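S.K.: mind looking at a prediction? Sequence and model below.
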Amino acid sequence: MKKLLTPLLLLTALVFQANYVNAQHNTVANVSTEVVEKLDLNSATVEQLQALPGIGASKAYAIVQYRENVGPFLEVEQLTEVKGIGVTILGKIAPLVTVR
């Protein structure tokens, strides 16, 4: 009986471990396929814009001022016309923003 019990316990442990690993893999797969909505440059607030990488309070305010003075953004690349935003910052935030 003792000789049969040890392999049975080992098999049970392996089954539980396999289910645990599979559950973790499914959780990671679900997170990685989650769709994140892009921030609309034409309606975003200063606070929302500050959440973007490389955008502090002054740049966020400059984006809103540009939008109010020039009109709505027609394309994301137009951000480079805002003082303090160059191609480096544009490259960081372009995948996170859109214009509608």
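M.R.: Received the coordinates, thanks.

S.K.: could you count how many residues lie near residue 68?
M.R.: For residue 68, the neighbour count with other C-beta atoms under 10 Å is 9. Every residue, glycine included, has its C-beta placed from N, CA and C.

S.K.: then it would be within a helix, right?
M.R.: Yes. Under DSSP: H, G, I helix; E, B strand; the rest coil, residue 68 falls within a helix.

S.K.: could you pull up the residues touching it?
M.R.: Taking C-beta atoms under 8 Å, 6 or more residues apart in numbering as the contact definition, residue 68 lies against nothing.

S.K.: quick check: the gap between it and residue 37.
M.R.: 23 Å (C-beta to C-beta, to the nearest Å).

S.K.: same question, residue 75
M.R.: 18 Å.

S.K.: residue 62: how many residues sit nearby?
M.R.: 19.

S.K.: test my guess that it contacts residue 83.
M.R.: Yes. With contact defined as C-beta atoms under 8 Å, residue 62 reaches residue 83; the gap is 5.5 Å.

S.K.: could you list the domains of the protein?
M.R.: Domain assignment for the chain by automatic domain parsing gives 1-34, 39-98.

S.K.: buried residues, stretch 49-60. List them.
M.R.: Buried residues in stretch 49-60, defined by neighbour count with 16 or more other C-beta atoms under 10 Å: 49, 50, 52, 55, 59, 60.

S.K.: hmm, I typed the wrong one, I wanted stretch 68-75.
M.R.: Buried, per 16+ other C-beta under 10 Å, within stretch 68-75: residue 73.
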